[in-house]
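Chemist: model the structure of this input:
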Amino acid sequence: MDRVILHCDCNAFYASVELLEYPQLRDQPVAVGCDDGSRHGVILAKNEPAKRLGIKTAQTVWQARRLCPSLVLLAPHHEKYRQMSRRINAIYGEYTDLVEPFSVDESWLDVTGSLHLFAKSGGELADQLRARVKRELGITISVGVSYNKVFAKLGSDYKKPDATTVIPRGAEREILWPLPVENMLFVGASAAERLRRLGICTIGDLAAADEALLTGALGKLGATLRTYAAGLDDAPVRRQGETEPAKSIGNGMTFRRDLLGREDIRVGLGYLTEEVASRLRRAGLRATAVGVSIKDPALRSISRQRQLPDATDLARELTAAALSLVLANWDPSRPIRALTVTAFGLTDRPTARQTSLFDDPEEQPRREKRERLEQTLDGLRERFGAEAVLAGGVLGSDLGLAENKAAQKKNPAPKQGGDNTSAAGGGKEKTKW
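Modeler: Okay, here's the model as predicted:
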């Protein structure tokens, strides 16, 4: 018997929560974001009237105001969103213990074993949940119902707002396969472009594509996407509180001014990798690969990554690898608006290393000394605050690094599930690769 999986997605979540205090604004174009006069100001969420006017999530505030001068901008309150998320998941938990949050406003529910207690079908239960959340909490959700997690997620995206979409086995050919390939989970603009160059334009094309062709174009992701498109995903829905091990840890920032030159890049990367390394150590993990994403003032971006010679949780080693990666792929005289550093290939064990007669005998003692130093700095920051110990380059820079550290202390980024990657400054963003 097929599983019955629901994917529940809150509609315009941040905006919906904020509008509970401003019901008079519901029919006006409203967005959630920060407009502090800097380039950090972006749209985090928008309501339906704003969406109809072309306002998009992750758009800069100045771009949004140019499209809609009458746009009402409300400040974000992440603690309110977390509280609402807990209330919503508590409702879901009354129907099944298999509730897996995908983000602060999305969850999967496996109701295969409990459906008969509440409804005759998954669609009927989805309608009950939509009505209850709307009645008790004042916000709306869209629900996808299918036999696996991926198709349930595509179902919740299929019709919005406040809608139920049921995709039983076999119906994916009619409902999902004609959709553009970029609608598939984890297919971003870059992957979609590569797939289109192969003649793969729809989800149906993806399901029918040769696996070797996809692997050649996208690596392991290609085979995974074909499995998803063909309806072969069998991943379980986890119980509440049961989290997936981190796959990557990252940190990113849009700087107060553009980075220009090698020294600017080194300081920016050092600031970002310090947080990445600290989070690795807190999790008891080491990285075997590092990646960088570079965005220029025109918002064009590139991403590159490489393997590390040894697994590491040291900021100095991550910074050196990230700097080498940037300089190999970017002319340092070209301005950089934003950088992200991500640690990949996480492991809880150090990489075995073949020693050589030509190795520096002092290298290992120096590394152990560096490990003790960075652990000591972790302790100081934990005790006195993240901004208590800052690198000299951070204190002396005009890139907004020290101020950003202080802002993070006041407004920590919301914790999210998944790959455990965050961007400095917080804000919800659904990542597509």
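
Chemist: low-scoring stretches of the stretch 201-350 of the chain, by residue?
Modeler: 243-245, 349-350 (pLDDT under 70).

Chemist: how about the helices in it?
Modeler: Using DSSP state H, counting those that start in this stretch, the helices of the stretch 201-350 of the chain run over 203-208, 211-218, 220-229, 262-283, 315-329.

Chemist: between these, which one is closest to residue 87.
Modeler: Minimum separation from residue 87 across the helices of the stretch 201-350 of the chain (CB to CB) falls at helix 262-283, 28.2 Å. Placement of C-beta: from N, CA and C, glycine included.

Chemist: that closest one: which residues count as buried?
Modeler: 264-281 (16 or more other CB atoms under 10 Å).

Chemist: which strands and helices lie in contact with it?
Modeler: Judged by 3 or more CB pairs under 8 Å, 6 or more residues apart in numbering; DSSP states H and E, helix 262-283 is in contact with strand 249-259, strand 287-295, helix 315-329, strand 336-344, helix 363-384, helix 392-395, helix 401-410.

Chemist: how about a cut-off of 10 Å?
Modeler: strand 249-259, strand 287-295, strand 301-312, helix 315-329, strand 336-344, helix 363-384, helix 392-395, helix 401-410 (3 or more CB pairs under 10 Å, 6 or more residues apart in numbering; DSSP states H and E).

Chemist: so residue 6 bridges to which residues?
Modeler: residue 109, residue 145 (DSSP bridges).

Chemist: turn the helices of the stretch 201-350 of the chain into TSV, columns for distance to residue 169.
Modeler: What follows is the helices of the stretch 201-350 of the chain, written out as TSV (distance: least, CB to CB, whole Å):
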stretch	distance to residue 169
helix 203-208	14
helix 211-218	22
helix 220-229	14
helix 262-283	39
helix 315-329	44
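
Chemist: out of the ones you listed, flag the one nearest residue 190.
Modeler: Per CB to CB, nearest to residue 190 of those: helix 211-218, 9.6 Å.

Chemist: how far does that closest one sit from the chain's center?
Modeler: A distance of 24 Å separates the centroid of the chain from that of helix 211-218, by CA atoms, centre = their mean, to the nearest Å.

Chemist: and if you look at stretch 296-304?
Modeler: 18 Å.

Chemist: endpoint to endpoint, that stretch covers what distance?
Modeler: 15 Å (CA to CA, to the nearest Å).

Chemist: what do you get for stretch 118-127?
Modeler: End-to-end distance (CA to CA), stretch 118-127: 11 Å.

Chemist: please identify the helix or strand for the closest residue to residue 123 other than its chain neighbours.
Modeler: Distances taken as CB to CB, 6 or more residues apart in numbering place residue 166 nearest to residue 123, at 4.4 Å, with adjacent residues excluded. Per DSSP states H and E: residue 166 is located in strand 164-167.

Chemist: any idea how far residue 43 is from the closest residue to residue 41 other than its chain neighbours?
Modeler: Excluding the flanking residues, the one nearest residue 41 by CB to CB, 6+ apart is residue 61, at 3.8 Å. Distance from residue 61 to residue 43, counting by CB to CB, to the nearest Å: 6 Å.

Chemist: between the two, which contacts overlap?
Modeler: 31, 33, 34, 35, 71, 73 (CB atoms under 10 Å, 6 or more residues apart in numbering).

Chemist: which of those residues tops the neighbour count?
Modeler: residue 31 (29 neighbours; other CB atoms under 10 Å).

Chemist: roughly how far does the closest residue to that residue other than its chain neighbours sit from residue 70?
Modeler: Leaving aside its sequence neighbours, residue 31 sits nearest to residue 46 (CB to CB, 6+ apart; 4.4 Å). As defined by CB to CB, residue 46 lies at a distance of 13 Å from residue 70.

Chemist: which one of those two has more residues nearby?
Modeler: Higher neighbour count among residue 46 and residue 70: residue 46, with 27 against 9, using other CB under 10 Å.

Chemist: dump the residue contacts of that one.
Modeler: Going by CB under 10 Å, 6+ apart, the list of residues near residue 46 reads 12, 14-15, 29-33, 52-57, 59, 64, 68, 71, 73.

Chemist: let's see 8 Å
Modeler: Residue 46 makes contacts with 12, 15, 29, 30, 31, 32, 55, 56, 57, 64, as judged by CB atoms under 8 Å, 6 or more residues apart in numbering.

Chemist: residue 34 now?
Modeler: 40, 41, 42, 61, 75, 76.

Chemist: gap between the third one and residue 342?
Modeler: To tie it back to what came earlier, the one meant is residue 42. Taking CB to CB, one finds residue 42 at 20 Å from residue 342.

Chemist: who does the residue nearest to residue 22 when sequence neighbours are not counted form a beta bridge with?
Modeler: With sequence-adjacent residues excluded and distances taken as CB to CB, 6+ apart, residue 22 is closest to residue 74, at 7.3 Å. Note on residue 74: beta-bridge partners by DSSP bridges are residue 32.

Chemist: so residue 74 makes contact with residue 18?
Modeler: Yes - counting by CB atoms under 8 Å, residue 74 sits close enough to residue 18 to count as a contact (4.6 Å).

Chemist: who touches both of the two?
Modeler: Common neighbours of residue 74 and residue 18 (CB under 8 Å, 6+ apart) are 30, 32.

Chemist: which strands and helices lie in contact with the host helix or strand of residue 64?
Modeler: Element membership for residue 64 (DSSP H and E) is helix 61-67. Applying 3+ CB pairs under 8 Å, 6+ apart, one finds that helix 61-67 makes contact with strand 30-33, strand 43-46.

Chemist: quick one: which of these is nearest residue 312?
Modeler: The nearest among these, by CB to CB, is strand 43-46 at 33.4 Å.
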